[in-house]
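Peer 1: Fold the following for me, if possible:
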Amino acid sequence: MTTTALKARKEFGKTLASDIAHRLRNEIVTCRLKPNESLKFDALRLSFGASFTTLREALTSLAAEGLVVTEEQRGYKVAPVTLEDLADLTHARILIEVDLLRRSIEKGDDDWEIRVISSLHRLARIEERAPEDYANNAEWKAAHRQFHEALVSASGSPTLLAMRNALFDRAERYRNLSAMFRPRPRDKAGEHRALMQAAIGRNADQACDLIRSHIQTTSDNVAKYAADVIGAT
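Peer 2: Take a look at the predicted model:
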């Protein structure tokens, strides 16, 4: 690997290990790396040009996030997807997301309202440009994340926000499965608009009910339409 390429990778994720973790995380949550797929060090060294120690650091961080698991005396593999994990993840996400949203509604100022409104506007513009398949659009996914982050950004709890972000990444795999197998698209635009209106209208109870339903619907869709796929992993 050239010095320039190595420098570029370090700048992307501050360290080479964090850069590799970021790239692998993306491969996992988009399901390009399949559940239960072995992560062999020889192949990873060829792909990333990194040492065993650096790769181990990256994989250890992903294991802490629940995206990678260790195989006894065999290294690492992509974490499986199971209905049990989905149910547990959904329960945890709802508990944390509802709490953070309620705090944001209570504490949010004008700048918070602007963040929520502007992030939804960006999301809507992307949907207008790619109405048929926006849920598989990388730009939409980034904007979707930003909208949900904006909703809880005034909560004032860095610890809970860090936990929320890790759970959001884990849930991304299930969101992708839901989008791939459900027979008809959801009205996500309508769900997001209703969330925004309840949040900036300071209707905490309604907003919390909406985010609870928003998260649970994804879980229900996966369990209904992708159960056979999950069971086969």
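Peer 1: make it CA atoms for all contacts and neighbour counts henceforth
Peer 2: Will do.
Peer 1: Below-threshold pLDDT in this structure: ranges please.
Peer 2: Applying pLDDT under 70 to the chain flags the ranges 1-14, 131-136, 231-233.
Peer 1: which residues of it fall in strands?
Peer 2: 38-39, 68-71, 75-78 (DSSP state E).
Peer 1: Please point out which parts of the second one sit buried.
Peer 2: Residues of strand 68-71 classed as buried: 68-70 (neighbour count, 16 or more other CA atoms under 10 Å).
Peer 1: Give me the helices and strands touching that strand, please.
Peer 2: With contacts taken as 3 or more CA pairs under 8 Å, 6 or more residues apart in numbering; DSSP states H and E, strand 68-71 sits against helix 52-64, strand 75-78.
Peer 1: Repeat the analysis, applying 10 Å as the threshold.
Peer 2: Applying 3 or more CA pairs under 10 Å, 6 or more residues apart in numbering; DSSP states H and E, we find strand 68-71 packed against helix 16-29, strand 38-39, helix 52-64, strand 75-78.
Peer 1: Using JSON lines, lay out those together with distance to Val229 and mean neighbour count.
Peer 2: Shown next, in JSON lines, are these (distance: least, CA to CA, whole Å; neighbours: other CA atoms under 10 Å):
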{"stretch": "helix 16-29", "distance to Val229": "16", "mean neighbour count": "20"}
{"stretch": "strand 38-39", "distance to Val229": "18", "mean neighbour count": "19"}
{"stretch": "helix 52-64", "distance to Val229": "23", "mean neighbour count": "18"}
{"stretch": "strand 75-78", "distance to Val229": "16", "mean neighbour count": "20"}
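Peer 1: So for His144, which of these sits nearest?
Peer 2: Each of the helices and strands packed on strand 68-71 has some distance to His144 by CA to CA; the shortest is helix 16-29, at 14.5 Å.
Peer 1: What is the neighbour count of His214?
Peer 2: 16 (other CA atoms under 10 Å).
Peer 1: follow-up on the earlier one: and which of the buried residues of strand 68-71 is nearest to Arg212?
Peer 2: Val68 (26.9 Å).
Peer 1: right, and Leu67 touches Leu59 too?
Peer 2: Yes - the pair Leu67 and Leu59 qualifies as a contact (CA atoms under 10 Å) at a distance of 9.1 Å.
Peer 1: and for the two, which residues touch both?
Peer 2: 24-25, 77-78 (CA atoms under 10 Å, 6 or more residues apart in numbering).
Peer 1: TSV please, covering the helices and strands packed on strand 68-71 and showing distance to Met180.
Peer 2: What follows is the helices and strands packed on strand 68-71, written out as TSV (distance: least, CA to CA, whole Å):
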stretch	distance to Met180
helix 16-29	13
strand 38-39	23
helix 52-64	24
strand 75-78	19
